[in-house]
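[1] predicted coordinates and the sequence they were generated for:
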Amino acid sequence: MSEAETNEIPTSEEVALALRRCWQPVARVQDLAQGPQRAMLLGEALAVFLTESGKPAVVSDRCAHRGASLARGKVIGGGIQCPYHGWEWDGDDGACTRIPALEDQRQIPPRARIPAYPAREQWGLVWTVLEEPLAEPPEVPWFEPERWEIGHGEVFELPVGVGVAVENFRDVAHFAFVHQATMGAVAEVVEPLPVQRDGIVVTMRRELRMGAEGDSSWGSLREGLTHAVAPNLIAIRLWMTKGERCLLHAARAASATESVHYWLTGVSEDFEPTLGEVIELEERVYAEDRAVLETIEPPELPLDAETDVSTLADRFTLAYRAAFSRFVREALAGQPAQSRSKAS
């Protein structure tokens, strides 16, 4: 980290502006089979849906006619119909395509349009961005969906910003205290962490051992690779004596101090515990994390190194904070994000 990076501490307002240029998950595709969903992104209400052809779409949740929630409407072709007066809105550009009360559809007001946002499907999630994206949606170099049996966990919310939550999920020093029931007696002392940061990407590969009292679904865990892309993605690959498992976690900034979390886990063909057992374990691990995260103050990630007291055991989380700051600076400057790490 350069001296310039250290001295430039983004403000809360700058973080909020930068996050508007970040791709963020707004729904699980599997949930949209039941119809449109409402999602809050940085204080803006969105309606997320799949068109009749299966294409993801994201528009403002407010009908421009009389303000009804479009997420309560239904999909019509490539758009969404308001449940109040039946006005139909195109999922690509937000233009009004039909007003049932008008006999002549040429009388649709020219300004009858709602905000529409880019929509991408990746890893069974729909992603969107409020303003010109800084880069493509985040990637994980080693994650090839076809080689894993994959399952999605339940979405959950937290009363903290995305940074606070993402940081926690690879804060290795808390394992011995927060996860005793699921991980067993993990060593309290943290060895020198082999952390690498490349722009907004932070990676770490280290030996891992769970306590004998921990959940049997860990198997004979040997090694783990963490891959974080600031501000809102973290992935973990675990090697066992037999087989592998992985976890991908993506967060959405509902507001500066609220976040929504999506996660999926995968197991290799030769992994012995079932995918269902692994998902059940991860649910319990997340429950332990949430009990602590719900009490964290402040709810926004401190980016000033003087705010908290840190040690060498915090090397990964400090690198993530530096990557988060780097993302904010690049987003505000309009510069392309650093190329993705090639770690595998």
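    Noted; the coordinates are in hand.

[2] list the residues that contact the residue nearest to A68 when sequence neighbours are not counted.
    Excluding the flanking residues, the one nearest A68 by Cβ to Cβ, 6 or more residues apart in numbering is Y84, at 3.7 Å. Yep, even glycine has a C-beta here, placed from its N, CA and C like the rest. Going by Cβ atoms under 8 Å, 6 or more residues apart in numbering, Y84 touches 63, 65-66, 68.

[3] then G35?
    So G35 contacts 49, 74-75 (Cβ under 8 Å, 6+ apart).

[4] now swap in K55 and tell me
    Counting by Cβ under 8 Å, 6+ apart, K55 touches 78, 91, 119.

[5] tell me the first helix or strand C-terminal of the worst-scoring helix or strand of the chain on mean pLDDT.
    Lowest by mean pLDDT, DSSP states H and E among the helices and strands of the chain is helix 3-7, with a mean of 50. The first helix or strand that comes after helix 3-7 along the chain, using DSSP states H and E, is helix 12-19.

[6] what's in contact with that following helix?
    Residues contacting helix 12-19 (Cβ under 8 Å, 6+ apart): 10, 42, 134, 162, 231, 253, 256, 300, 303, 327-328, 331-332.

[7] quick one, domains of the protein?
    30-123, 145-331 (automatic domain parsing).

[8] quick one: terminal-to-terminal distance for the last one?
    With Cα to Cα, to the nearest Å as the measure, the ends of domain 145-331 fall 29 Å from one another.

[9] and stretch 23-42, by the same measure?
    12 Å.

[10] now that stretch: mean pLDDT?
    Stretch 23-42 carries an average pLDDT of 98.

[11] out of the contacts of K55, which are buried?
    91, 119 (16 or more other Cβ atoms under 10 Å).

[12] would you check that L50 makes contact with K74?
    No: counting by Cβ atoms under 8 Å, K74 is not a contact partner of L50; they are 11.7 Å apart.

[13] so which of those two has more stuff around it?
    L50 (20 against 14; other Cβ atoms under 10 Å).

[14] next one: the nearest residue in space to the more buried one that is not next to it in sequence from G184, what distance?
    Nearest residue to L50 in three dimensions, chain neighbours excluded: L32, at 4.7 Å (Cβ to Cβ, 6+ apart). Noted for L32: a distance of 39 Å to G184, by Cβ to Cβ, to the nearest Å.

[15] what's the answer for G151, then?
    24 Å.

[16] tell me the one of the contacts of K55 nearest G224?
    Looking at those and their distance to G224, the nearest is A119, at 32.6 Å (Cβ to Cβ).

[17] quick check, pLDDT for that closest one.
    98.

[18] list the contacts for it?
    48, 55-58, 91, 126-128.

[19] and if we set it to 10 Å?
    For A119, the contacting residues are 26-27, 46, 48-51, 55-59, 91-92, 126-129, by Cβ atoms under 10 Å, 6 or more residues apart in numbering.

[20] what do you get for A116?
    So A116 contacts 46, 57-60, 79, 89-95, 128 (Cβ under 10 Å, 6+ apart).

[21] per-residue pLDDT, the residue nearest to it when sequence neighbours are not counted?
    Distance criterion Cβ to Cβ, 6+ apart; nearest residue to A116, sequence neighbours excluded, is G94 at 3.5 Å. pLDDT recorded at G94 is 98.

[22] same question for K242.
    83.

[23] in strands, which of the contacts of K55 fall?
    A119 (DSSP state E).

[24] buried residues in stretch 127-135?
    127-130, 133-135.
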